[in-house]
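In: the sequence and its predicted three-dimensional model are supplied below.
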Amino acid sequence: MSQLLSQHARSQRRPRPLRIALALLLPLCAAIAHPARAADRPEVLWTEQQVLFWAEPQTGAVHAVGIRHGVSEFGVLRASQRRAVTQLSLDAQHAVLTVEGNDAIYRYDARSLRLLSRDTTRVARAAQLPHRWVE
């Protein structure tokens, strides 16, 4: 019986100030660290349609997120050969999203997220160019 009472009394103790401070600091640290990670990932905003395209640079996946009425992801663009994304660009007038991957340059219809073309020639040419060292 005494063990039961001591457990009940222990559960009604007030939280310690250090624990409260740590609980408040952890989300703050995550919020401060998040923009640094977001700055490293390629992203482009289609303001007319209120759609944000952002890429996972390490996996090659490109996410399409609607921001009109809250935030909702409505598509993910993946290619089996693409392992990384270096840049995203959008031609809003023609609704074409260009994804520069490690293996090719992909062009997607930004509305339907359908692949329009995959161009490997520019990527292959860039890999053959001699690298210049800066001294």
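Out: Thanks, I have it.
In: all strands for this protein, in order.
Out: 43-46, 51-55, 62-66, 72-77, 85-91, 96-101, 105-109, 115-119 (DSSP state E).
In: what's the neighbour count on G66?
Out: For G66, the count of nearby residues is 16 (other C-beta atoms under 10 Å). Just so you know, the C-beta spots here come from the backbone N, C-alpha and C atoms, and that holds for glycine as well.
In: with L45 instead?
Out: By other C-beta under 10 Å, neighbour count at L45 equals 15.
In: what residues are bridge-paired with the nearest residue to it once chain neighbours are set aside?
Out: Nearest residue to L45, sequence neighbours excluded (C-beta to C-beta, 6 or more residues apart in numbering): L52, at 5.3 Å. With DSSP bridges as the criterion, L52 is bridged to L45, V65.
In: surely F74 meets G66?
Out: Yes. Judged on C-beta atoms under 8 Å, F74 makes contact with G66 at a distance of 5.5 Å.
In: residues in contact with Q49?
Out: A110, R111 (C-beta atoms under 8 Å, 6 or more residues apart in numbering).
In: again, 7 Å this time
Out: Residues near Q49 by C-beta atoms under 7 Å, 6 or more residues apart in numbering: none.
In: distance check, it against Q87.
Out: For Q49, the distance to Q87 equals 20 Å [C-beta to C-beta, to the nearest Å].
In: the residue nearest to L45 against R41, yeah?
Out: No. Using C-beta atoms under 7 Å, L52 makes no contact with R41, being 11.2 Å away.
In: the more surrounded of those two?
Out: Using other C-beta under 10 Å as the criterion, L52 and R41 rank with L52 on top: 17 against 14.
In: next one: that one from D91, what distance?
Out: Distance from L52 to D91, by C-beta to C-beta: 16 Å.
In: next one: A55
Out: Taken as C-beta to C-beta, the span from A55 to D91 is 17 Å.
In: more neighbours: these two, which one.
Out: Ranked by neighbour count (other C-beta under 10 Å), A55 and D91 place A55 first, with 24 against 11.
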